[in-house]
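# What would the 3D arrangement of this be:
(2 chains)
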Amino acid sequence: MLEVTGQHRECQEQLRKRARDLLASGEIAAFIGYGNGSLPWVPRPIVVRSPEEADRLVWNSFLTLNLANYLPGVLKELEPPRRRGEQVDPSTLPRVGIVATGCWSRNIVIQVQENQVDRSRVHIIGISSRGMISRHSFKQALGGKEALKIVENDHEIEVTLSHGETMVLSRWEYVRPNCKTCIHPGPVVSDETIGPPPGRRLVDERFREIEEVEAKDSQGRWEWFEEAFKDCIRCYACRNACPLCYCPTCFVDDSRPQWVGKSIETPDALTFHILRAYHCAGRCTDCGACESVCPVGIPMRLLTKKLIKEAQMLFDWEPGMSLEEAPLLGSFSPDDPDIAILKGGEKGT
Amino acid sequence: MNWEPKIIAFLCNWCSYAGADLAGVSRLQYPPNIRIIKVPCSGRISPNIILDAFLKGADGVWVSGCHPGDCHYISGNLYARRRLVLFERLMEFVGLEPGRLEFSWISASEGEQFAAKAKEVTERIRVLGPNTRLRKVF
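Numbering: from 1, shown residues only, chains lettered A, B, ... in the order given. As a prediction, the model looks like this:
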């Protein structure tokens, strides 16, 4: 059981009320949010379809999955069946509500840019994120014990463990690194917002994790990469949790040509991670869902973050900031930095 | 037991491949370590293809296309430029030695530049030694 007090409690109440009103008025046919899961610290994404169900929605610091991931699927599912080639006026199709923080809303922007989502069919309720808690470090703090009850207030998390033990954790200490260095906690697009405006973040240290790796030499970076990624079991949880991964056939499932071997041998696992990260180049918003769902704790977010850093340095690019932009790799400029000149060790990295 | 670098060169049909052809008909000498694969455009080169070459034992990969602005398909090499610069940075971040991946723009009239580049790439990869990091041993 998870209880919240303070700011998140207010957000939760307003969220339930707004979702209820929107569903009752028929403006939306479904609302994508979070509900309680089977463990108190692992809430699960839910789709609410009736006003009575709106009270299942929750808002707290444990929402590590990116809800934008479910949006194209839910939109599609609500479309009535149609004949092949039959044109449908999108304004007649059912709309969907969704709650979005900064990164989730940026992922919705990207889905709109890439024609996966029709903006007019989505009602976005924006809430500024206060940073979400890392599942991995929280699990470590539990030390293998079972959390029976969690009470979250603005800065502390009180956990009741089995055998009546309790512990109090400082919330910020357990917030994920990508949230601590987030540049945009508030929603980029929204139809309405609830809760307080975004607070302070450690934006100066945005790429510190990346710089630590860059400081190593080539051999050192390779050793780091091999060591950190070789345990991958190829479960593809990172792919499935990612709102950018909507290809009908993923490159890992291709067999002719087979781009990546299917085994968990190190070269195959490493190739998978290089390509997975690269497919997110210019699109990843550093929401951290991939890393949160990884069962073996692989830091795959660092690869996409490196690409965020390079895209920012080379092209002054931040993904998902405006509905009008064309995707980074789907466009070009004659003034782009020239790769044939930038090669070798002459670059900043 | 004499190791020679094996370099896969992806050359675009309209400029760099013709440049290699010119180097040939001009009887310019360049190292025979280059295996040329003709592609329609440098924009055809997906990172999948480059990684595949490394996995299957290439010691170096060289992608060459038309000079920016001269693309037969108007903009293919401009897309490629954005895509490949990010890919190269990612590859170096994960520990691929700088220099294993080479990019250049060579036009159909630049046979000499082609031969010079081929020498330069081969010599650089000879110094780096065999590719062991991303290679999948069968």
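# Determine the set of other helices and strands touching the lengthiest helix in chain A.
When chain A is parsed with DSSP state H, its longest helix is helix A:7-25. Packed against helix A:7-25, as judged by 3 or more CB pairs under 8 Å, 6 or more residues apart in numbering or on different chains; DSSP states H and E, are the following elements: strand A:30-35, strand A:96-100, strand A:122-127, strand A:192-194. All C-beta atoms are positioned from the backbone trio N, CA, C, and that covers glycine.
# Give the closest residue to residue B:66 in space, chain neighbours not counted.
Of all residues beyond its chain neighbours, the one nearest residue B:66 is residue B:15 (3.8 Å), with distances taken as CB to CB, 6 or more residues apart in numbering or on different chains.
# wait, doesn't that neighbour sit right on residue B:111?
No: using CB atoms under 8 Å, residue B:15 is not in contact with residue B:111; the gap is 11.6 Å.
# out of those two, which sits in the busier spot?
residue B:15 (26 against 22; other CB atoms under 10 Å in any protein chain shown).
# Could you pull up the contacting residues of that one?
Residue B:15 sits next to B:64, B:65, B:66, B:67, B:70, B:72, B:105, B:106, B:107, B:108 when contact means CB atoms under 8 Å, 6 or more residues apart in numbering or on different chains.
# all helices for chain B, in order.
Assignment of helices within chain B using DSSP H yields the ranges B:16-25, B:47-55, B:76-93, B:111-128.
# quick one, which of those is nearest to residue A:317?
The closest of the helices of chain B to residue A:317 is helix B:76-93. By CB to CB, the value is 9.9 Å.
# tell me the angle that closest one makes with helix B:47-55.
Orientation of helix B:76-93 against helix B:47-55 (axes from the mean of the first three to the mean of the last three CA atoms, to 10 degrees) gives an angle of 50 degrees.
# Packing partners of helix B:76-93?
Secondary-structure packing of helix B:76-93 (3+ CB pairs under 8 Å, 6+ apart): helix A:208-214, helix A:218-229, helix A:266-279, helix A:301-315, helix A:339-342, helix B:47-55, strand B:60-65, strand B:101-105.
# Try it again at 6 Å.
helix A:301-315, helix A:339-342 (3 or more CB pairs under 6 Å, 6 or more residues apart in numbering or on different chains; DSSP states H and E).
# Mind checking the pLDDT average for that helix?
Taken as a whole, helix B:76-93 carries a mean pLDDT of 93.
# Then stretch A:49-59?
Stretch A:49-59 comes out at a mean pLDDT of 93.
# Helix, strand, or coil at residue A:318?
Three-state call for residue A:318 (DSSP: H, G, I helix; E, B strand; the rest coil): coil.
# quick one: pLDDT of the closest residue to it other than its chain neighbours?
Setting aside the residues directly before and after it, residue A:318 is nearest to residue A:312 in space (CB to CB, 6+ apart), at 6.6 Å. The model reports residue A:312 with a pLDDT of 92.
# Run a quick neighbour tally on residue A:312.
15.
# Just say which of the helices and strands packed on helix B:76-93 is most tucked in.
Greatest average neighbour count among the helices and strands packed on helix B:76-93 goes to helix A:301-315 (a mean of 22), per mean count of other CB atoms under 10 Å in any protein chain shown.
# That helix - contacts with which helices or strands?
Short answer (3+ CB pairs under 6 Å, 6+ apart): helix A:301-315 packs on helix A:208-214, helix B:76-93.
# What lies in contact with the last one?
In this structure, residues lying in contact with helix B:76-93 by CB atoms under 6 Å, 6 or more residues apart in numbering or on different chains are A:278, A:281, A:306, A:310, A:329, A:332, A:336, A:339, B:41-43, B:47, B:65-66, B:68, B:71, B:98, B:101.
# And that helix, how far out from the chain middle?
13 Å (CA atoms, centre = their mean, to the nearest Å).
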